[in-house]
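Asker: Fold the following.
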Amino acid sequence: MTRRKDEDIGIGDDAFMDTIANLVGIMIILVVIVGARGYSSARSQAKETQQEKIDDLKAPLEVAKNLERDLEQLSEELLKYDAEVTYRNAERLSLVDRKTMAEHSLSLAVENLDTNSKQAMLFESRISELSAELEKLTRQQGELPATERPIVPLQHLPTPMAKTVFGKELHVMLRDHRVTVIPWDTLIDQLKAQVRTSVARQANRPKIEDTLGPIDGFMMRYRLLSKAGLMSDGRVAAMGRMVELERFELEPTPEIYHESVAQSLAPGGRLRTELDASRSGHTTVTVWVYPESFSEYRTLRDQLFQEGFLSAARPLPKNMRIGASPNGSSSAAQ
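Answerer: I've put the predicted structure just below:
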């Protein structure tokens, strides 16, 4: 009886332990299921949070892109303003140089006027003395017989109203008392032919600087401006780049051919040859004259006037290069 009771007690303990083990297993399974669901939920929530943050960053990113575009536009405008400032400074310096030349010419004229006035006073004083002496001799010897006074011809060069030059121009440099014919038209033609090559070689630069020559002893240095903008062929408008000439300057080389005024106007002279080839009432000789050659310019102007050619003077300060730009002034011929 006792043995059977002990066996029943052992069987009951095993059943209890099995039940406990089953409960623990069920709880572990529940914990795993709950953990898996929590991980999935947390992962989904993290993705939603990440997407919200990405959506929140889209607006600042778009603002940054707009600001970058505005910055590029402002940079282009700044380059344009810099080019304009540079051109205006060059124009101001040119005006200052022209003002200096005008003041120098005016001071020389005033000095010459003072000298002439002094000479006139001396002449008047001498004439008064001679008149008094003549009256004295007349009273002593009687009336002198009338004599014919020699006729002294006065040379007079009229100064007509200056007119802006629009026709054909023949450009001449007058420096160090020597005359040099400038191959102006040839240089301009070469510039037109070379611009396309220069632009293709430096297409992305806002300013393009290059040289050509030398041609007949002159080297040309020029500067182009490349601008982006809207262009149209009359039917379709599109964005593109436009190239325009800002300025060019001519630099004489040691190989230039120069002559005196007399040699240049004599038969076979370079200027005489050009004048004979340009016999036209619409041809103007534009003379780029430096300060030391003003007297030679007057001689050249008088000779051109006698031959029926209009002339235009372009005074230059010493060491300043001959140059031109689309915004420059035209010559004024007389």
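Asker: for the stretch 51-200 of the chain, which spans come out with low pLDDT?
Answerer: 109-118, 121, 140-167, 200 (pLDDT under 70).
Asker: now the helices: where do they sit in it?
Answerer: Assigned by DSSP state H, counting those that start in this stretch, the helices in the stretch 51-200 of the chain fall at 184-201.
Asker: Need the three-state assignment for the most centrally placed residue in the chain.
Answerer: Residue closest to the average C-alpha location in the chain (C-alpha atoms, centre = their mean): Glu246, at 3.6 Å. Recorded secondary structure, Glu246: strand (DSSP: H, G, I helix; E, B strand; the rest coil).
Asker: for it, what are its contacts?
Answerer: Counting by C-beta atoms under 8 Å, 6 or more residues apart in numbering, Glu246 touches 83, 87, 207, 223-225, 325-326. Any C-beta I mention is one placed from the backbone N, CA and C, and that applies to glycine too.
Asker: what's near enough to touch Gln50?
Answerer: With C-beta under 8 Å, 6+ apart as the criterion, no residue contacts Gln50.
Asker: Need the three-state assignment for it.
Answerer: Under three-state DSSP, Gln50 falls in the helix class.
Asker: Let me know the distance separating it from Ala59.
Answerer: 16 Å (C-beta to C-beta, to the nearest Å).
Asker: next one: Pro214
Answerer: 61 Å.
Asker: go on, Lys227?
Answerer: 34 Å.
Asker: Look at these two and report which has more neighbours.
Answerer: Using other C-beta atoms under 10 Å, the more surrounded residue of Lys227 and Ala59 is Lys227, with 14 against 9.
Asker: Verify the contact between that one and Glu244 for me.
Answerer: Yes - A contact is recorded between Lys227 and Glu244 when judged using C-beta atoms under 8 Å, the distance being 7.5 Å.
Asker: Mutual contacts of the two, please.
Answerer: Listed contacts common to Lys227 and Glu244 are nil; contacts here mean C-beta under 8 Å, 6+ apart.
Asker: What is the neighbour count of Ser293?
Answerer: 22.
Asker: For the closest residue to it other than its chain neighbours, give its distance to Arg98.
Answerer: In this structure, Ser293 finds its nearest non-sequential neighbour in Leu174, 4.5 Å apart by C-beta to C-beta, 6 or more residues apart in numbering. Leu174 is 17 Å from Arg98, where distance means C-beta to C-beta.
Asker: just Asn89 next, same as before
Answerer: 15 Å.
Asker: Who has more neighbours out of those two?
Answerer: Arg98 (16 against 10).
Asker: Just confirm Tyr257 is within a strand.
Answerer: No - assignment of Tyr257 by three-state DSSP gives coil, placing it outside any strand.
Asker: Would you confirm that it contacts Gly217?
Answerer: Yes - taking C-beta under 8 Å as the definition, Tyr257 is a contact partner of Gly217 at 6.2 Å.
Asker: ok, Phe305 touching Ser311?
Answerer: Yes - counting by C-beta under 8 Å, Phe305 does reach Ser311; the two are 7.1 Å apart.
Asker: neighbour-wise, which of those two wins?
Answerer: Taking neighbours as other C-beta under 10 Å, Phe305 and Ser311 compare with Ser311 leading, 20 against 15.
Asker: Dihedrals phi and psi, that one?
Answerer: When read as degrees, to the nearest 10, the backbone of Ser311 gives phi -130, psi 150.
Asker: and if you look at Arg314?
Answerer: Torsion angles, degrees, to the nearest 10, at Arg314: phi -120, psi 90.
Asker: List the contacts of the nearest residue in space to Ile322 that is not next to it in sequence.
Answerer: Spatial nearest neighbour of Ile322, excluding adjacent residues (C-beta to C-beta, 6+ apart): Leu250 at 4.4 Å. Listed by C-beta under 8 Å, 6+ apart, the contact set of Leu250 reads 182, 187, 218-220, 321-323.
Asker: Select only the buried ones of the residues you listed in PyMOL?
Answerer: Selection command for PyMOL covering only the buried members of these, criterion 16 or more other C-beta atoms under 10 Å:
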select buried, resi 182+187+218+220+322+323
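Asker: so the residue nearest to Ser293 bridges to which residues?
Answerer: Val179, Val289 (DSSP bridges).
Asker: which stretches of this structure form strands?
Answerer: 163-164, 168-175, 178-181, 207-215, 218-232, 237-252, 283-289, 310-315, 322-324, 332-333 (DSSP state E).
Asker: C-alpha coordinates for the fourth one, CSV please?
Answerer: Spelled out, it's strand 207-215. Only the C-alpha atoms of strand 207-215 are listed here, as CSV (Å, rounded to 0.1, in the frame of the first residue of the first chain):
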residue,chain,number,x,y,z
LYS,A,207,36.7,88.6,-71.6
ILE,A,208,38.8,87.4,-74.5
GLU,A,209,42.1,89.1,-75.2
ASP,A,210,44.3,88.4,-78.2
THR,A,211,46.7,89.9,-80.7
LEU,A,212,47.2,89.9,-84.4
GLY,A,213,49.9,91.1,-86.7
PRO,A,214,52.3,92.7,-87.1
ILE,A,215,51.0,94.1,-90.4
